[in-house]
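>>> sequence first, predicted coordinates after that:
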Amino acid sequence: MRHKHSAGMQISLKRVDHAVLFEASNSRGHTVRIEGRRDMGGSESAPTPTEYLLMSHAGCTAIDVVELLRKMRQPLVHLELESQGHMEEDRLPKVFTTIHLHYRLFGDIQPEKAEKAISMSIEKYCTVSKMIDSVARITHSFEIISENQPQDNNPM
């Protein structure tokens, strides 16, 4: 019986100032800056690690939704997503307890297909969702901006 080997991933990080600003690079040469909050000595010149987590989560599910809607033959023209995370303030480390994703789908998308694609991404396909759904409750809503009338489907 052959065992699947996990896909390797490597990130390098180096400090670039005398405070809490770092530069992270992947093995393909892409680079981003990461900075601690102002109360830790940051100058607000780059996102914090937790902001990158929300960005990563949004990117992960957006990629899934684009791909799933394509497979469902839905005419997606454009996608925008807003993510709002809330943390427990009185706990260390502060972890996200809830994350709400709001998708804006542009094109004549059938609402039931949109709901299916978004739910499948969050619950099944998005790696980042699966890594954080044991600590944070992930909710979502969406709106479709079509050639006709915008439809708001907000199950809250």
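The structure has been received and is ready for your questions.
>>> residue ranges in this structure under the pLDDT threshold?
The model of the chain has pLDDT under 70 over residues 1-6, 148-156.
>>> got the domain ranges for it?
Using automatic domain parsing, the domain ranges for the chain come out as 1-46, 49-153.
>>> so what touches the helix ranked longest in the chain?
Ranked by residue count under DSSP state H, the longest helix found in the chain is helix 49-71. The contact list for helix 49-71 (Cβ atoms under 8 Å, 6 or more residues apart in numbering) reads 32, 34, 47, 76, 79, 81, 83, 85, 87, 94, 96, 99, 101, 103, 105, 109, 113-114, 116-118, 120-122, 125-129, 132. Placement of C-beta: from N, CA and C, glycine included.
>>> could you redo the last one with a cut-off of 7 Å?
Contact with helix 49-71 is made by 34, 47, 76, 79, 81, 83, 85, 99, 101, 103, 109, 113, 117-118, 120-122, 125-129, 132, as judged by Cβ atoms under 7 Å, 6 or more residues apart in numbering.
>>> go on, stretch 104-122?
So stretch 104-122 is contacted by 61, 64-65, 68-69, 72, 74-80, 103, 129, 138, 140, 142-147, 151, 153 (Cβ under 7 Å, 6+ apart).
>>> which of the residues you listed count as buried?
By neighbour count, with 16 or more other Cβ atoms under 10 Å, the contacts of stretch 104-122 hold 61, 64-65, 68-69, 72, 74, 76, 79, 103, 129, 138, 140, 142-146, 153 as buried.
>>> what ranges do the helices span in this protein?
49-71, 111-120, 127-132.
>>> what's the shortest one packed up against?
The contact analysis (3 or more Cβ pairs under 7 Å, 6 or more residues apart in numbering; DSSP states H and E) places helix 127-132 against helix 49-71.
>>> mind exporting the C-alpha coordinates of the longest helix of the chain to CSV?
Extracted in CSV, the C-alpha atoms of helix 49-71 (Å, rounded to 0.1, in the frame of the first residue of the first chain):
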residue,chain,number,x,y,z
PRO,A,49,-0.2,38.1,10.9
THR,A,50,-3.9,37.9,11.9
GLU,A,51,-5.0,40.2,9.1
TYR,A,52,-3.0,37.9,6.7
LEU,A,53,-4.9,35.0,8.1
LEU,A,54,-8.2,36.6,7.2
MET,A,55,-6.8,37.6,3.8
SER,A,56,-5.6,34.0,3.2
HIS,A,57,-9.0,32.6,4.2
ALA,A,58,-10.8,35.1,1.9
GLY,A,59,-8.4,34.2,-1.0
CYS,A,60,-8.8,30.5,-0.4
THR,A,61,-12.6,30.5,-0.5
ALA,A,62,-12.8,33.0,-3.4
ILE,A,63,-10.6,30.8,-5.6
ASP,A,64,-12.9,27.8,-4.7
VAL,A,65,-16.1,29.8,-5.5
VAL,A,66,-14.8,31.0,-8.9
GLU,A,67,-13.8,27.4,-9.8
LEU,A,68,-17.1,25.8,-8.5
LEU,A,69,-19.3,28.4,-10.3
ARG,A,70,-17.3,27.7,-13.5
LYS,A,71,-18.0,24.0,-13.1
